[in-house]
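> Sequence first, predicted coordinates after that:
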Amino acid sequence: MGSPGSVLLEMTPHQVVEQLETDLYLTRDDLARVLNANVRTVERWRTGQAYPQLEARHRLAALVGLRNHLHETFATPEALREWLQTSNRYLGWLSPIDALRAGRIDRVQAALEALDSGIFL
């Protein structure tokens, strides 16, 4: 796959939203919080009634980048899910999924990079 930005160009907002919810085990409410958007706005992206504005596109691109990184790091969906749901010292004992729900895509990405570097958290 290309860069996160190119993925957003290749996929409709509907496809991106569905892929992120499925691959990152996020509910619609969770995804709205991560993207700092209203649930109704995310629903309009899903139905093609609206298109994400600049800030939301940047956050979507960051989330797609994280999703891709997770799939490169973990060999199975089960391992990915376990990592997302396990409390993490690097994240102040939050699980990565809870850090995402708090809108901290950057912190989850940093924790994943630390894991990739051999720092076991």
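Cool, got the structure. For clarity, every value in this text was computed on a predicted model and none was experimentally measured. Numbering: from 1, shown residues only.

> CA only for contacts and neighbour counts going forward, please
Fine.

> What is the neighbour count of Ile119?
Look at Ile119: counted by other C-alpha atoms under 10 Å, it has 11 neighbours.

> Same question for Arg67.
19.

> Same question for Ser117.
Ser117: 9 neighbours (other C-alpha under 10 Å).

> what are the phi and psi values for it?
phi -80, psi 0 (degrees, to the nearest 10).

> Does Leu26 touch Val17 like I think?
No: the pair Leu26 / Val17 is not scored as a contact, 9.9 Å apart, by C-alpha atoms under 8 Å.

> longest helix anywhere in the protein?
helix 54-73 (DSSP state H).

> Please find the angle between the direction vectors of the next helix or strand after that one and helix 54-73.
Using DSSP states H and E, the helix or strand that follows helix 54-73 in sequence is helix 77-85. Counting by axes from the mean of the first three to the mean of the last three C-alpha atoms, to 10 degrees, helix 77-85 lies at 130 degrees to helix 54-73.

> Do me a favour and average the pLDDT over helix 77-85.
The average pLDDT within helix 77-85 is 95.
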